[in-house]
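Engineer: This is the structure alone, sequence omitted:
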């Protein structure tokens, strides 16, 4: 049970850091979610939004971070 508790605590810390990053991005005015290439279709009865460019950017950043952490931990 201790290993599950450690993973849950680690997951909470990761979520806290992601939330802090999103908060700082909004605070500094980074246009995440409003980048060129993000698809937004608005009609009379509804709207559709798919952040293509933002998703690619977040994927690249997370890939670099995970690779750096992996190299640091020696895996």
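Structural biologist: Sure thing, it's come through. These figures come from a predicted structure and were not determined experimentally.
Engineer: got any ranges where the chain has weak pLDDT?
Structural biologist: The chain contains residues with pLDDT under 70 at 75.
Engineer: which stretches of it form helices?
Structural biologist: Counting by DSSP state H, the chain has helices at residues 2-27, 52-73.
Engineer: Buried ones in the shortest one, by neighbour count?
Structural biologist: In terms of neighbour count (16 or more other CB atoms under 10 Å), helix 52-73 has its buried residues at 53, 54. The way it works is simple: take the backbone N, C-alpha and C, and place the C-beta from them, glycine included.
Engineer: same check, this time on stretch 31-39
Structural biologist: In stretch 31-39, the ones that count as buried by 16+ other CB under 10 Å are residue 38.
Engineer: One more: stretch 13-33?
Structural biologist: For stretch 13-33, a neighbour-count test (16+ other CB under 10 Å) marks nothing as buried.
Engineer: same check, this time on stretch 40-55
Structural biologist: Within stretch 40-55, the residues that qualify as buried by neighbour count (16+ other CB under 10 Å) are 51, 53, 54.
Engineer: Nearest to residue 37, out of those residues: which one, please.
Structural biologist: When those are compared for distance to residue 37, the smallest value, 3.4 Å, is given by residue 53; criterion: CB to CB.
Engineer: what's the distance between the spatially closest residue to that closest one that is not a sequence neighbour and residue 50?
Structural biologist: Nearest in space to residue 53, with sequence neighbours left out and distances taken as CB to CB, 6 or more residues apart in numbering, is residue 37 at 3.4 Å. As for residue 37, its distance to residue 50 is 10 Å (criterion: CB to CB, to the nearest Å).
Engineer: same check, this time on residue 9
Structural biologist: 33 Å.
Engineer: and what of residue 39?
Structural biologist: Using CB to CB, residue 39 is found at 4 Å from residue 50.
Engineer: Got the domain ranges for the protein?
Structural biologist: Using automatic domain parsing, the domain ranges for the chain come out as 1-30, 34-75.
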